[in-house]
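Peer 1: Pasting the sequence and the predicted coordinates here, then a few questions.
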Amino acid sequence: MNSFNPMDPEFLADPYPTYRRLRTEDPVHHSPLDFWVLTRYEDVVAVLRDPRFIKEPLVAFVAARFGAAVPPGVGVSIITRAEAAGSMDLIEELAYPLPVNVICEMLGVPVEDHERFKGWSLDIARGLDSILLPPESEVPRRSGAARHAMTDYFRGLVAERRASPRGDLLSALIAAEEAGDKLSEDELLATCILLLIAGHETTVNLIGNGTLALLRHPGELRRLRETPGLIASAVEELLRYDGPVQRTARIPSTDVTIGGRTIGKGEMVMPFIGAADRDPAQFADPDRLDLARTDNRHIAFGWGIHFCLGAPLARVEGQIAIDTLVRRFPKLELVTNEPEYRQSLTLRGLKTLPVRF
Ligand code: HEM
């Protein structure tokens, strides 16, 4: 079995044939890059629900490899603007600003500071693939610096809200912290960063990947336009078919045998959500996009105790954005059939998605 190169442009454009090959030939694959790759639905779910596999030591794992450099650590108005132009970059003009504005508003980050988060968030997201990079890479250091800068920023904002609370989520989190031993200041800051990054780097790709999948499946797009109420099930299928989060990671606290192979205590394991969600043992005809798919128990938002906190928000955002887009623009079409992907093994998303309507 040839191992795969996660940064190969062909893999980035379409990882699913590689997942299929791995799932069939070597479902518990040990990569020469020194981590385990799981591609069967059954194994991925088993790891995510198994308390022996722990998420927390990941930061320490990366820090050990890179030295001490990594510290612990609405749509319609937007669309109206683009309408007059007749074309837009869907990522830049809709898919990105929508969830960013929502999470910033919810948390209570002032509008004038939104731009500062873009760079920090991008640097932190790039750091998610630190494990794949050579030790001399700048990425983990930049990611660590961005995390520091964001922590400082939130420390300032927390002080402001502590002095004069408002009706935002940040003020509510501060109240929880002040109520006693529920949340420490470090946890409060880490939570703000997690929510901000998740708000910046995930739903954008649900809207981007989802719209691309629909434009590549005109029959399904027509079905969505013609079937009232299909949007909720459609978004679930788009999450399964080409989800924003392709993989996660865990470290076993003891030796564990999966699929006949023993994964050693402390080794890095990557359960591939994107591969599990195309497993024919779980999904009938998994490579087919079927917006009315039944029994769609996809794991795009994970499984078990780390199940995505933002899933209800992301679902609503995805439903509003995609539904508005396809209804408002009956002639929506791609400008290029080969849009470029961001370089990431964790987050699957497009750099740009030019469309006209
Ligand atoms: C379509 C969009 C999204 C997808 C596909 C997604 C996916 C995921 C996945 C797969 C996990 C589990 C990771 C693991 O098990 O290691 C997760 C966790 C999490 N997500 Fe999301 N997410 C999305 C949007 C959001 C949004 C908008 C927020 C918050 C504003 C958010 C906040 C979180 C948080 C806080 C966790 C960590 C939960 C924990 O560790 O206990 N997510 N997400």
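Peer 2: Received, thanks.

Peer 1: Name the residue of this structure that lies nearest to the ligand.
Peer 2: Residue nearest to the ligand within the chain (CB to the nearest ligand atom): residue 310, separated by 2.0 Å. Backbone N, C-alpha and C define where each C-beta goes, glycine included.

Peer 1: nearest residue to that residue other than its sequence neighbours?
Peer 2: Spatially, and ignoring its direct neighbours in sequence, residue 310 is nearest to residue 198 (5.4 Å; CB to CB, 6 or more residues apart in numbering).

Peer 1: tell me the contacts of that neighbour?
Peer 2: By CB atoms under 8 Å, 6 or more residues apart in numbering, the contact list for residue 198 reads 103, 308, 309, 310.

Peer 1: out of these, what pair is the most spread apart?
Peer 2: The largest separation in those, counting by CB to CB, is between 103 and 308 at 13.5 Å.

Peer 1: who has more neighbours, these two?
Peer 2: residue 103 (23 against 16; other CB atoms under 10 Å).

Peer 1: How about that one: what's its closest non-neighbour residue?
Peer 2: Nearest non-adjacent residue to residue 103 (CB to CB, 6+ apart): residue 199, at 2.8 Å.

Peer 1: just checking, the one you found touches residue 310?
Peer 2: Yes: shown here, residue 199 and residue 310 form a contact pair, counting by CB atoms under 8 Å, at 7.0 Å.

Peer 1: Between these two, tell me which one has more neighbours.
Peer 2: Between residue 199 and residue 310, residue 199 has the larger neighbour count (other CB under 10 Å), namely 25 against 17.

Peer 1: Sticking with that one, tell me its helix or strand.
Peer 2: Per DSSP states H and E: residue 199 is located in helix 185-201.

Peer 1: try residue 154
Peer 2: In this assignment (DSSP H and E), residue 154 forms part of helix 139-163.

Peer 1: What is the subsequent helix or strand relative to that helix?
Peer 2: Proceeding N to C from helix 139-163, the next assigned helix or strand is helix 169-178, under DSSP H and E.

Peer 1: Quick one: mean pLDDT for that next one?
Peer 2: For helix 169-178, the mean per-residue pLDDT is 88.

Peer 1: next one: stretch 277-294
Peer 2: Stretch 277-294 shows a mean pLDDT of 98.

Peer 1: List the buried residues in it.
Peer 2: With burial defined by 16 or more other CB atoms under 10 Å, the residues of stretch 277-294 counted as buried are 277, 278, 279, 282, 283, 286, 289, 290, 291, 293.

Peer 1: Which of these sits closest to residue 26?
Peer 2: Nearest to residue 26, judged by CB to CB, of these is residue 279 at 14.4 Å.

Peer 1: lowest confidence element among the helices and strands of the chain?
Peer 2: helix 58-66 (a mean of 59; mean pLDDT, DSSP states H and E).

Peer 1: what residues does the stretch 151-300 of the chain put near the ligand?
Peer 2: Where the stretch 151-300 of the chain comes near the ligand, counting by CB under 6 Å from any ligand atom, the residues are 194-195, 198-199, 202-203, 206, 243-245, 248, 273, 300.

Peer 1: Just the buried ones among these, please.
Peer 2: Applying 16+ other CB under 10 Å to these flags 195, 198, 199, 202, 203, 206, 243, 244, 245, 248, 273, 300 as buried.

Peer 1: min pLDDT across the residues you listed, which one?
Peer 2: Within these, pLDDT is lowest for residue 199, at 85.

Peer 1: In contact with it, which residues?
Peer 2: With contact taken as CB under 8 Å, 6+ apart, residue 199 is in contact with 99, 100, 102, 103, 104, 310.

Peer 1: Which of the residues you listed fall within helices?
Peer 2: Of the contacts of residue 199, the ones assigned to helices by DSSP state H are 99, 100, 102, 103, 104.

Peer 1: Give me the buried entries from the residues you listed.
Peer 2: Here, 16+ other CB under 10 Å leaves 99, 100, 102, 103, 104 buried among these.

Peer 1: OK, contacts around the closest residue to the first one other than its chain neighbours?
Peer 2: Right, the one you point to is residue 99. Sequence neighbours aside, residue 203 is the residue nearest to residue 99 in space, at 3.8 Å (criterion: CB to CB, 6+ apart). Listed by CB under 8 Å, 6+ apart, the contact partners of residue 203 are 95, 98, 99, 244, 310, 313, 314, 317, 318.

Peer 1: cool, and residue 120?
Peer 2: Residues near residue 120 by CB under 8 Å, 6+ apart: 146, 147, 149, 150.

Peer 1: Among the residues you listed, give me the pair with the biggest separation.
Peer 2: Using CB to CB, the pair of those lying farthest apart is 147 and 149, separated by 7.4 Å.

Peer 1: So if I had to pick from those two, which one is more boxed in?
Peer 2: Shown here are residue 147 and residue 149; by other CB under 10 Å, residue 147 has more neighbours (23 against 16).

Peer 1: Local confidence estimate at that one?
Peer 2: Note for residue 147: predicted pLDDT of 91.
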